[in-house]
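In: The sequence and its predicted three-dimensional model are supplied below.
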Amino acid sequence: MQSYLEFEKPLAEIEGKAEELRAMGRANKEMDVEKEAKALDKKAEQLLKDLYKDLSPWRKCQVARHPNRPHCKDYIEALFTEYTPLAGDRNFADDHSVMGGLARLDGRPVMVIGHEKGNDTNSRIERNFGMARPEGYRKAIRLMDLADRFNVPVVTLVDTPGAYPGKGAEERGQSEAIARSTEKCLQLGVPLVSVIIGEGGSGGAVAFATANRVAMLEHSVYSVISPEGCASILWKDAEKMREAAEALRLTAQDLHKLGVIDRIIAEPMGGAQRGASAAIKAVGECIDDMITKLASLSRDEVRRERRKKFLNIGSKGLAA
Amino acid sequence: MNWISNYVRPKINSLFSRREVPENLWSKCEECGTMLFHRELAENLNVCTNCDHHMGITPRDRFHALFDEGVFVEVPVPAPISDPLQFRDQKKYPERLKMAQRGTGEAEAMLVAEGEMGRTPIVAAAQNFGFMAGSMGMYVGNAIIAAAERAVKLKRPLILFSAAGGARMQEGILSLMQMPRTTVAVEMLKEAGLPYIVVLTHPTTGGVTASYAMLGDVHIAEPNALICFAGPRVIEQTIREKLPEGFQRAEYLLDHGMLDRVTHRRDMKVELVSILRMLMGMSPPVMGDLPSPGAMGAETSDEKTKT
C-alpha cells in the first residue's frame, strides 16, 4: 500500500478516485470506466511531477523519512551477492540498527555497512528506528578494520535520524564510539564510499560517511541537527521546522554546491518510494563507479586523498 | 609574528576589554550561593572558595594561569569564509557573531597559544563557552588544525581544553564537517608521536564530545563537568524516566571508564606537566623550576627573551 505524505494529499485524492473507479468497473462489467480512470491517472502523474519538481527542504525531509522508501536491507538484498552478515562488537552486544558484512558487488568483494530503520512496527523496534548505540559504531569499526586488513573496499549506506540518545548509550560511551568510528574511516587504506539513502542525521551519520566519495540520493537530507531540533533551539518553537529546514541547507543540491558531497543520484519521479528498484539500481551503479575510480590508488594515496578532501571542505560557500 | 603584535597587543586588548567587566564586583556561586569578591575569585581560577564549584573561565585567563609567568604567544588561526549559508533564524548569523565578539572581546570561540608550562614547551588550545556557547564551527575546526600543525612543527604536545554546547547550527553541515576535520588534526599528532591531552571542562557536549574531545591520549576532566553526547533533557524526553543523580558528570564518566582522571583546576598544571614530561621522556619536573611567587621577578626577563 502506498502511504502518502501530508503534501501529497491532493495526489492521494486523485489516485484514490481512480482506484475506486476501477474497483467499480471490476464489480460491474457493463461499465466502461477505463477512459475516465486513465484521465485521472494522467492528472495524477502531472500533479506528481509538479509536486516533486521543486521540493522545499522540509518536504525533502519528509520524503527522506518516507516509510516506503527503500532501506539499507533492501539495497543490500538487491545489489549484493553472497551477503554474509557479521555481528557484534566483541564487547557488549550486537546492535541491530547497524547491518554489516562481507558481500560481492558485481563480483568484487566489499564490506557493506549501513543503518537499517525497519519497515513495520516490530522491525522498527528491533532496529531501534535506525538509531545506533555505541555497539553499532563499534561493530562498524571492527568490520572496517577487518576490511582494511584484507584490502576489501568499504561501502556505507547512511540512513539514520541520529545516534540513540539513551541512558545506556551514554554510559557506554556514545561519544567515544562515534569519534572512534570517524577516526577509523580516516585511517582506512582501502577505498571508502558512502551513499546517504535517506536521512543523514548528525554525528551518527558522520561516523559512517567520512568517506573518499559521498553520494546522496536526490531527495535525501544530511544535517548537523534535525529541523525540529534546530527550530526548538533557535526559534524556541519546534513548529518552525520549515524555516529551520530552509536555513540549514540540508538538501543534496545545496550540499553539492558547498562541496560537502560529490554526487547526486537521481530518483525516479515521485521519489525512491515510488520506484524502489530504479532507485536501488542507480545507487548500485554509482557505488560501483565510485569504487572503480578509486581502485588504482595505493593505500597511502587513498588515505591522503580522504584526509585532504575533508581538510578542504569549507572553502566554498553558497553565493547569494 | 613579532613580540609587539603577539604579546603587547593582547595585553593592551585585555586592558581594554577589562572595561567591560560589570560594575558589580561580586558574583554569586551558582552552586552554593556564596557571594564571592571578583579578585578573590579570579585568584582562585574562578573556583568557588567556599564549595569548590568550578565556574567557567575564559581561555585567556586560563592561559595566564597555565603558562609560566602568564607568557604565551598566540598561534594564528586562518579565518574561514564568513556566514557560508547566509543563515538567519530570528537574527542573522553575522549579528550573533558580532554580539559574541563584543561580549567577549575575542574573535571566535577558540584560542590557540604556544609557550612553556612548568618549563615544558607546549601548544594549547582552549574553547570559550562564553562565545556562542563555545560552539564548534569552521573557525574552531581551523583552530584545532592550526594547533595540531603548530605542535607537529615544533614537536610539542598539544593540550586541548574543551567546552562547548556542540556544533554551531548556524554553519549547518559545515559545522558537522568539523568532526572529521578535527579528527584529521588528532591523526596528525598521533602520526608525529606527540601526546594529545584533552581537558574536558563544563560543559562538553554533542559533536565536540563525539570527535576531538574523546580522542585524547589522556582524558582529564574538571570536577562535576557535564560531559555527554545527548544532553540530559533530550534523554529524559526519549526514555521518559528520571536520570540518576550525577548522570553525565565527570565523576560518573570516570566510573564508567570514559576518563582517566578528574582533577581540581588548582592542581591541573602540575599534573599536566608531570604527565607530559613522562610521555616526552623528559627529566622529572624540579619544583624549583616551577615559578614560585618569590622567583617571579627574577625569571620574567629571562622568559621574555626566550619567547
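Out: Good, I have the coordinates.
In: Kindly list the single helix or strand of chain B that scores lowest on mean pLDDT.
Out: helix B:296-306 (a mean of 45; mean pLDDT, DSSP states H and E).
In: Sketch out the strands for chain A, chain order is fine.
Out: Along chain A, counting by DSSP state E, strands occupy A:81-85, A:98-105, A:108-115, A:154-160, A:192-201, A:213-217, A:221-223, A:263-265.
In: out of those, nearest to chain B?
Out: Set against chain B and scored by CB to the nearest CB, the strands of chain A come closest in strand A:221-223, at 6.2 Å. For glycine as for every other residue, the C-beta is placed from the backbone atoms N, C-alpha and C.
In: and the closest one, does that touch chain B?
Out: Yes: judged by CB under 8 Å from any CB of the partner chain, strand A:221-223 comes into contact with chain B at A:222, A:223.
In: for the residue of chain B most remote from its centre, phi and psi?
Out: No residue in chain B sits farther from the centre than residue B:240, which is 33.6 Å out by CA atoms, centre = their mean. When quoted as degrees, to the nearest 10, the phi and psi of residue B:240 stand at phi 50, psi 50.
In: Relative to residue A:277, how far out is it?
Out: 40 Å (CB to CB, to the nearest Å).
In: Can you pull the residues of the stretch 51-200 of chain B lying near chain A?
Out: B:80-81, B:83-90, B:138, B:141, B:145, B:167, B:169, B:171-177, B:179-181, B:183-184, B:186-187.
In: Mind checking which of those residues are buried?
Out: B:80, B:83-85, B:87-89, B:138, B:141, B:145, B:167, B:169, B:171-177, B:179-181, B:183-184, B:186-187 (16 or more other CB atoms under 10 Å in any protein chain shown).
In: Tell me how far whichever residue of the stretch 151-300 of chain A sits closest to chain B lies from residue B:258.
Out: For the stretch 151-300 of chain A, the residue closest to chain B is residue A:165, as judged by CB to the nearest CB, at 3.2 Å. Using CB to CB, residue A:165 is found at 16 Å from residue B:258.
In: quick one: what helix or strand has the residue nearest the centre of chain B in it?
Out: Nearest residue to the geometric centre of chain B (CA atoms, centre = their mean): residue B:126, 2.4 Å. Assessed by DSSP states H and E, residue B:126 sits inside strand B:120-127.
In: so what's residue A:114 up against?
Out: Taking CB atoms under 8 Å, 6 or more residues apart in numbering or on different chains, we find residue A:114 in contact with A:72, A:75, A:76, A:98, A:99, A:100, A:156, A:157, A:158, A:159, A:197, A:208.
In: same thing but 7 Å
Out: A:72, A:99, A:156, A:157, A:158, A:159 (CB atoms under 7 Å, 6 or more residues apart in numbering or on different chains).
In: Most widely separated two among those residues?
Out: Within the contacts of residue A:114, A:99 and A:158 form the most distant pair, 12.0 Å apart (CB to CB).
In: residue in the stretch 151-300 of chain B nearest to chain A?
Out: Counting by CB to the nearest CB, the stretch 151-300 of chain B gets nearest chain A through residue B:230, at 3.2 Å.
In: neighbours around that residue, how many?
Out: Applying other CB atoms under 10 Å in any protein chain shown, we find 26 residues neighbouring residue B:230.
In: what pLDDT does it get?
Out: With respect to pLDDT, residue B:230 scores 93.
In: my read: it touches residue A:165, true?
Out: Yes: counting by CB atoms under 7 Å, residue A:165 is a contact partner of residue B:230 at 3.2 Å.
In: what domains does the record give for chain A?
Out: Here the domain parsing of chain A from automatic domain parsing is A:6-53, A:61-319.
In: Take these and write them to TSV, including mean pLDDT.
Out: Shown next, in TSV, are those (pLDDT from 0 to 100):
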stretch	mean pLDDT
domain A:6-53	88
domain A:61-319	95
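In: just the ones you listed: most buried one?
Out: Comparing the domains of chain A by mean neighbour count (mean count of other CB atoms under 10 Å in any protein chain shown), domain A:61-319 ranks first with a mean of 21.
In: and stretch B:33-52, what's its mean pLDDT?
Out: The model assigns stretch B:33-52 a mean pLDDT of 92.
In: hey, where'd the helices end up in the stretch 51-200 of chain A?
Out: A:57-64, A:72-79, A:121-126, A:134-149, A:167-171, A:174-187 (DSSP state H, counting those that start in this stretch).
In: Output the ones you listed as TSV; include the columns distance to residue B:134.
Out: Converted to TSV, the helices of the stretch 51-200 of chain A look like this (distance: least, CB to CB, whole Å):
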stretch	distance to residue B:134
helix A:57-64	28
helix A:72-79	35
helix A:121-126	36
helix A:134-149	24
helix A:167-171	20
helix A:174-187	16
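In: so which of those comes closest to residue B:115?
Out: helix A:174-187 (27.9 Å).
In: Whether the closest one contacts chain B - can you check?
Out: Yes: shown here: helix A:174-187 in contact with chain B (CB under 7 Å from any CB of the partner chain) through A:174, A:175, A:176, A:178, A:179, A:182, A:183, A:186.
In: Now do that helix: distance to the chain's middle.
Out: Mean C-alpha position of helix A:174-187 versus that of the full chain (CA atoms, centre = their mean, to the nearest Å) differs by 20 Å.
In: okay, the angle between that helix and strand A:108-115?
Out: The directions of helix A:174-187 and strand A:108-115 differ by 160 degrees, with axes from the mean of the first three to the mean of the last three CA atoms, to 10 degrees as the criterion.
In: Who are the packing partners of helix A:174-187?
Out: Packing partners of helix A:174-187 (3 or more CB pairs under 7 Å, 6 or more residues apart in numbering or on different chains; DSSP states H and E): helix A:134-149, helix A:202-209, helix A:299-312, helix B:178-191.
In: Would you format those as CSV with distance to residue B:51 included?
Out: Formatted as CSV, those follow (distance: least, CB to CB, whole Å):
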stretch, distance to residue B:51
helix A:134-149, 34
helix A:202-209, 34
helix A:299-312, 43
helix B:178-191, 34
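In: Out of the ones you listed, the one nearest residue A:94 is which?
Out: helix A:134-149 (6.8 Å).
In: Remind me what that closest one packs against, helices and strands.
Out: Counting contacts by 3+ CB pairs under 7 Å, 6+ apart, helix A:134-149 packs against strand A:98-105, strand A:108-115, helix A:174-187.
In: Okay, helices next: where are they in chain B?
Out: Using DSSP state H, the helices of chain B run over B:3, B:9-17, B:38-43, B:59-66, B:93-104, B:138-154, B:172-176, B:178-191, B:206-209, B:232-239, B:250-255, B:265-279, B:296-306.
In: Could you tell me the least trusted of these?
Out: helix B:296-306 (a mean of 45).
In: Check the stretch 1-150 of chain B for the residue nearest chain A and tell me.
Out: residue B:84 (3.5 Å).
In: how close does the closest residue to residue A:201 other than its chain neighbours get to residue B:193?
Out: Sequence neighbours aside, residue A:162 is the residue nearest to residue A:201 in space, at 3.7 Å (criterion: CB to CB, 6 or more residues apart in numbering or on different chains). According to CB to CB, residue A:162 stands 35 Å off from residue B:193.
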